[in-house]
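K.L.:
structure of the sequence below:
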Amino acid sequence: MATILPVEGKSPVFGESCFVAPNATIVGDVICGNECSFWFNAVVRGDVNTIRMGHRVNVQDGAVIHCTYEKTQTIMGNNVSIGHNAIIHGCEIHDNVLVGMGAIVMDNAVIEENAIIAAGAVVLEGTHVKAGELYAGVPAKFRKLVSKELREGEIERIARNYVKYAAWFDSDLKR
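P.N.:
Numbers count the residues shown, from 1 in each chain. A predicted model of the protein is given here:
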């Protein structure tokens, strides 16, 4: 059974049709929209500050979402995909963003809509990724603009597919 716990009187709040894997951990001041999914070994810790997620956010296997005590919140828009083993920490991620596997996005970074953070990238504290940009590398830097094909073929496809994948699982795991 998933670990869903209150912290300091604040409990996670789930929208409609959200999937939470049996070994996901979601604690504290976390609010998510509809059709979100929290996959195996994902950890979302709203214990030290606020975490807000829009609709159709998927937090894939082993990903960690956290904040900094009394300094940074984590805010995400709609149709955001957080890849396997990624770390999202005290930052702002707008609508229609893909954060690749193993990427790290640090405090006070802003990722605007239709952007991609490549697998393994490290987005340093305070970095501002503009709409439609692809960042890659360590530290992450602008590499190219996201084409319509890449936006539709990756950002939109992955967000849509994770809603479908969640539907494959037993409804007892849905919130």
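
K.L.:
all the helices of this protein, residue numbers only.
P.N.:
Under the criterion DSSP state H, helices of the chain are mapped to 148-150, 157-167.

K.L.:
who touches the longest one?
P.N.:
In other words, helix 157-167. Helix 157-167 has contacts (Cβ atoms under 8 Å, 6 or more residues apart in numbering) with 17-19, 35, 37, 56, 58, 60, 79-81, 96, 98, 174. Just so you know, the C-beta spots here come from the backbone N, C-alpha and C atoms, and that holds for glycine as well.

K.L.:
re the thing from before, I'd like the helices of the chain laid out as JSON lines, including mean neighbour count, mean pLDDT and distance to residue 137.
P.N.:
Listed next are the helices of the chain as JSON lines, based on neighbours: other Cβ atoms under 10 Å; pLDDT from 0 to 100; distance: least, Cβ to Cβ, whole Å:
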{"stretch": "helix 148-150", "mean neighbour count": "11", "mean pLDDT": "96", "distance to residue 137": "17"}
{"stretch": "helix 157-167", "mean neighbour count": "16", "mean pLDDT": "97", "distance to residue 137": "21"}
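
K.L.:
for these, which one sits closest to residue 42?
P.N.:
helix 157-167 (11.9 Å; Cβ to Cβ).

K.L.:
now stretch 105-120: average pLDDT?
P.N.:
Across stretch 105-120, pLDDT averages out at 98.

K.L.:
against which helices or strands is the lengthiest strand in the chain packed?
P.N.:
The residue-count maximum for a strand in the chain (DSSP state E) belongs to strand 43-53. Judged by 3 or more Cβ pairs under 8 Å, 6 or more residues apart in numbering; DSSP states H and E, the packing partners of strand 43-53 are strand 25-32, strand 64-66, strand 74-76.

K.L.:
now do the last one: distance to the chain's middle.
P.N.:
In other words, strand 74-76. On the basis of Cα atoms, centre = their mean, to the nearest Å, strand 74-76 sits 8 Å off its chain's mean C-alpha point.

K.L.:
neighbouring strands - and their directions - for that strand?
P.N.:
Paired neighbours of strand 74-76 in the sheet (DSSP bridges): strand 43-53 (parallel), strand 92-93 (parallel).

K.L.:
what does the last one rub up against?
P.N.:
Under the criterion Cβ under 8 Å, 6+ apart, residues 74, 75, 76, 77, 80, 99, 105, 109, 110, 111 lie in contact with strand 92-93.
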